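Asks: Predicted model and sequence below, questions to follow.
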Amino acid sequence: MNNPWARPSSLMGAFLLSQRIAQARFTMGQKLYLSIQDVAARFGVNATTVYHLAQQGALPGFKVGNQWRFSEEMLEVWVAEQVHGKHARKRGGH
């Protein structure tokens with residue numbers, strides 16, 4: 001039997017693997033928790049950047065064992081805070 005998580009040998013295989021990974025995201029109740037790779041893909045940055053931001057406490061996340069997880073809801077709040085803070089600094093206000 002073929003291993004569904006084996007390294008793909010083609011572009012189509014890579015696409016299918018990415019789909020299986022996306023379906024395997026961690027859920028708890030109705031909340032979706034993302035991995036470092038998921039967050040990196042969503043923001044278009046390197047996974048190392050996400051890891052460093054999480055380690056520094058600059059990005060809201062938590063560890064399960066030795067793996068980081070991120071709440072979609074908390075990331076949305078964090079993005080809104082980043083945007084709001086940036087606009088307030090440009091205007092010279094709070």
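Replies: Okay, I see it.
Asks: Spit out the contact partners of W78.
Replies: Residues counted as contacts of W78 (Cβ atoms under 8 Å, 6 or more residues apart in numbering) are 59-60. C-beta coordinates here come from the backbone N, C-alpha and C atoms, glycine included.
Asks: Could you check how many residues crowd around M74?
Replies: When counting by other Cβ atoms under 10 Å, one arrives at 15 neighbours for M74.
Asks: same deal with the one 3 residues further on?
Replies: The burial metric for V77, expressed as a neighbour count using other Cβ under 10 Å, is 12.
Asks: so what's it closest to, chain neighbours aside?
Replies: Distance criterion Cβ to Cβ, 6 or more residues apart in numbering; nearest residue to V77, sequence neighbours excluded, is P60 at 7.6 Å.
Asks: Confirm the one you found sits in a strand?
Replies: No. Assessed with DSSP: H, G, I helix; E, B strand; the rest coil, P60 is coil; it does not lie in a strand.
Asks: Test my guess that it contacts E73.
Replies: No. With contact taken as Cβ atoms under 8 Å, P60 and E73 are classed as non-touching, separated by 9.5 Å.
Asks: Between the two, which has more neighbouring residues?
Replies: Residue environment comparison for P60 versus E73 gives the larger neighbour count to P60, 15 against 12, counting by other Cβ under 10 Å.
Asks: Can you list phi and psi of the more buried one for me?
Replies: Comment: the main-chain dihedrals of P60 come out as phi -70, psi 120, following degrees, to the nearest 10.
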